[in-house]
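Asks: quick one, structure for this:
(chains A and B)
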Amino acid sequence: MRVLMFGWEFPPVVSGGLGTACYGITKALTGLGNPVLFVMPRIELSRPFPLLTLISASDILNAASEREKPFPEDSLLPPSLLSAPIVLRPYLNARQSGGEHQGPRDWPADSYLAAGEGYGVDLFTEVRRYGEAGGLIAARETFDVIHGHDWMTVPACLAARQASGKPFILQIHSLEYDRSGEEINERIFELERFGMEAADQIIAVSHYTKTMIVSRYGIAPEKIFVVYNALSHREAGEIYHTRRAGDDKVVLFMGRITFQKGPDYFIAAAARVLKEMPEVTFIMAGSGDMMPRMVELVAELKIGKRFHFTGFLQGSQVEEAFARADLYVMPSVSEPFGLAPLEAMMYDVPVIISRQSGVSEVLKHALKVDFWDVDEMANKMIAVLKYPPLAGELVERAREELKNLRWEKAVLKILEVYKV
Amino acid sequence: MPAICLYFQVHQPCRLKRYTAFDIGHDHDYEDREENRRLLEKVAERCYLPANALLSNLIRKHEGRFRVAFSISGVLLDQLTTYRPDVLESFQRLAETGCVEFLNETYYHSLSFLFSRDEFRAQVSRHRRKIKELFGQDGKTFRFTELIYNNDLAREAESLGYEVILAEGAEALLDDRSPNRVYRASWDGAGDGRIKLLLRNYRLSDDVSFRFSNRGWQEYPLTVGKYAHWIHGENGAGTVINLFMDYETFGEHQWADTGIFRFLEKLPGGILKHRDFVFATPAEIAGTVESVDSIDAPELSSWADTERDLTAWLGNAMQQDAAGTLYGLEATVKACKDTILLDSWRKLQTSDHFYYMCTKWFADGDVHKYFNPYPSPYDAYINYMNILDDLSKQVKKEKRS
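Replies: This is a model prediction of the structure:
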């Protein structure tokens, strides 16, 4: 199978799970002998591997022959999606799209969305221009199937299908409802729905997501296939065994500080824990639009002495944070999958995950809570810190469990979906 | 004359209520009474009452030729006394027929023998008194929780005056011999004991208790004719076929609509049709059948899972920690001389609490999940340890004052 794939990000430029998942999928697909043409808005530092060709949409559009052409009328999208431009970025929600998400100057850079940034303020225009490039690329390349990731790639996939007549598979890594709760951006929701209706098949990263696609978007369940995310062979092999020094216990939150990730529930639980165990340290690593409010909340609860914000971490900083942690908590309000807990498990860190997540469907050896049940979250945090055999058993069993979460297995399922 | 020895284990644990870190030091009542009552009502209606009524009819119908044995845990007897005295009375009426033996076990269905000989003896003696009081029988047969067995246990049971003890017919014990014989205990190669040993025929027992309603089983559906035919194939002098199973098999693990009650109803007639065969209780067998050989069991075995070892209760670090912490409190709890604290501590010994913490999900997962009121073994451990922490704090406080 030769795959034309449309993604929005690729390592090392990632904003979260999407880029990591695209890496795992392309690596495993090519490893099994399936060439992949991976189209990104633009290529920065990424290096391909054998059978993977990275294509930059902006290079295509900036070619001399294309630059002269006027911006085309988009016949593939409904008129409702072609109205006035809006300012937003793919993984920020409607509330912060006006630019108020900027924190004070000396705060760590909001570098998650670097891939989206620099493209112009109107993401929707970018998405449409990316779509235009999709049609041009499809016309000159040969491939068997079109595989797009999330709503940003929908126009590109549709243009590619029109140019080639090949089947279009849309993989959903997250939905507007996950990112924004009830305060959705109507146009993104509409593009998601339109894309899913138009797609020949849909891949959902969990049953949690499949259920949401059916109930919120009214898509026929028959064309939705669940393929769980995984860990790549390389990552899974490099288990980082850590020594945690001293008696000070560290509880870690790592992720975007946004509505979707439930940072406020983490802080509320931390305050409960500190009443019983005043020596515990809590770390919130990441950045996002809710950060200023979260700093205020920590101050209001008077737990600032034991609660630290690190800002967005990269590379070795991430490793260090996991290595220092005695417990990782993912309190997400709505998490289509959630790769971060798997990462924590690779560092032998026990994890507490929200039941409102796809990853809770695949992990048995993790503690699970409803994100809103702050008391139970705190109860479980205390238990992990107080009863060492619990952490020991979780870590030991998790090692076995991780061995089975391979991209090679996930990709075999994806190949089956291609053939439907 | 080949004998069929039918013994039913009857037990319900005292389940614990949801108990968080924030309850420690504030709430000293650990039982989920509402849930225990609800489950007891359910199992009484589905299993105990209809099965007791059926056995009572069968005993009358076969005029003494149909005989069974029960071992009812003390924790269940207490719950029946409180919530369902009518069920207790129906067991007492069965005792009055003279065809039913009531065995002795540890009162709290505990693993105490593995941790404290004193505590073990106290619980056995309490159960023995309770059985005498309720059913008028002096215990002659002993069985330990989940059919756990080794040489030391047999020696202990013999010293307590028991004539026969039950165990799993595990390969490790049998070493290619048949489970369908009477054996005697062995003292680690240093001579044999007097106490006789009856070993569960796990194939024939599990055919009923586990496989009866399994449509994927090649012998499905299991009819009395077929089953009796297998049993009649074991005809021979000194043959004793030990069918040991949970009483809840009837109506609870195997629902009434599977036909399990009709199977039980026809079973005695089907087996007694062959005039050589009789039913006998463990004590009757011990009094009439000579042992053919000794069984050396230096290692512990049980009737659980495919491993038939103790890993379902003490296989992981959490289970070992919980049990170690619990029995570590023994001296201080007993020094308090506070009956409420002692009772709380003893109820925490019930083996089910440790079973809930078992992480061997993948091989034996189905059965474990069915019996587990917690969403995961980790939740079970957390809840238990929080309660144990509270008990430990109470005990320390008591000691100081």
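Asks: C-alpha only now, for contacts and for neighbours.
Replies: Will do.
Asks: so, low pLDDT: which residues of the stretch 251-400 of chain B?
Replies: Along the stretch 251-400 of chain B, the parts satisfying pLDDT under 70 run over B:361-370.
Asks: now the helices for it?
Replies: Secondary structure of the stretch 251-400 of chain B (DSSP state H, counting those that start in this stretch): helices located at B:260-272, B:282-288, B:311-314, B:317-328, B:330-336, B:339-347, B:351-355, B:361-371, B:377-400.
Asks: looking at the ones you listed, which is buried most?
Replies: For the helices of the stretch 251-400 of chain B, the largest average neighbour count (mean count of other CA atoms under 10 Å in any protein chain shown) is found in helix B:351-355, namely a mean of 23.
Asks: just give me how far it sits from the chain centre.
Replies: Relative to the centre of its chain, helix B:351-355 is centred 13 Å away, using CA atoms, centre = their mean, to the nearest Å.
Asks: so what touches that helix?
Replies: B:13, B:15, B:109-111, B:145, B:312-314, B:319, B:322-323, B:368, B:380, B:384 (CA atoms under 8 Å, 6 or more residues apart in numbering or on different chains).
Asks: rewinding a little: dump the helices of the stretch 251-400 of chain B to JSON lines, plus distance to A:A198.
Replies: Below are the helices of the stretch 251-400 of chain B laid out as JSON lines (distance: least, CA to CA, whole Å):
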{"stretch": "helix B:260-272", "distance to A:A198": "53"}
{"stretch": "helix B:282-288", "distance to A:A198": "72"}
{"stretch": "helix B:311-314", "distance to A:A198": "51"}
{"stretch": "helix B:317-328", "distance to A:A198": "51"}
{"stretch": "helix B:330-336", "distance to A:A198": "68"}
{"stretch": "helix B:339-347", "distance to A:A198": "61"}
{"stretch": "helix B:351-355", "distance to A:A198": "51"}
{"stretch": "helix B:361-371", "distance to A:A198": "40"}
{"stretch": "helix B:377-400", "distance to A:A198": "44"}
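Asks: out of these, which comes closest to B:Y162?
Replies: Each of the helices of the stretch 251-400 of chain B has some distance to B:Y162 by CA to CA; the shortest is helix B:282-288, at 9.4 Å.
Asks: using PDB, list the CA coordinates for that closest one.
Replies: Output in PDB follows, covering the C-alpha atoms of helix B:282-288 (Å, rounded to 0.1, in the frame of the first residue of the first chain):
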ATOM      1  CA  PRO B 282     -16.600 -37.300  55.100                       C
ATOM      2  CA  ALA B 283     -16.800 -38.500  58.800                       C
ATOM      3  CA  GLU B 284     -18.700 -41.700  57.700                       C
ATOM      4  CA  ILE B 285     -16.000 -42.500  55.100                       C
ATOM      5  CA  ALA B 286     -13.300 -41.900  57.700                       C
ATOM      6  CA  GLY B 287     -15.000 -44.400  60.000                       C
ATOM      7  CA  THR B 288     -15.500 -47.100  57.400                       C
END
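Asks: mind giving me the packing neighbours of that helix?
Replies: strand B:164-168 (3 or more CA pairs under 8 Å, 6 or more residues apart in numbering or on different chains; DSSP states H and E).
Asks: neighbouring strands for the strand it packs on, and are they parallel or not?
Replies: Paired strands of strand B:164-168, with direction, are strand B:141-142 (parallel), strand B:192-200 (parallel) (DSSP bridges).
Asks: most packed of those?
Replies: Mean neighbour count (mean count of other CA under 10 Å) peaks for strand B:141-142 among those, with a mean of 28.
Asks: leaving out chain neighbours, which residue sits closest to residue 154?
Replies: You didn't pick a chain, so chain A it is. Using CA to CA, 6 or more residues apart in numbering or on different chains and skipping the chain neighbours, the partner closest in space to A:V154 is A:G195 (5.5 Å).
Asks: let me rephrase: I mean chain B.
Replies: The shortest distance from B:A154 to any residue other than its chain neighbours is 6.4 Å, reached at B:A185 (CA to CA, 6+ apart).
Asks: how is the chain partitioned into domains?
Replies: Answering for chain A, as no chain was given. Following automatic domain parsing, chain A resolves into domains at A:3-230+A:407-419, A:234-403.
Asks: oops, chain B please
Replies: B:3-295, B:311-400.
Asks: out of those, nearest to A:N62?
Replies: Nearest to A:N62, of all those, is domain B:311-400, at 55.4 Å by CA to CA.
Asks: just the terminal-to-terminal distance for that closest one.
Replies: End-to-end distance for domain B:311-400, by CA to CA, to the nearest Å: 37 Å.
Asks: gap between it and the chain center?
Replies: Mean-position distance between domain B:311-400 and its chain equals 19 Å (CA atoms, centre = their mean).
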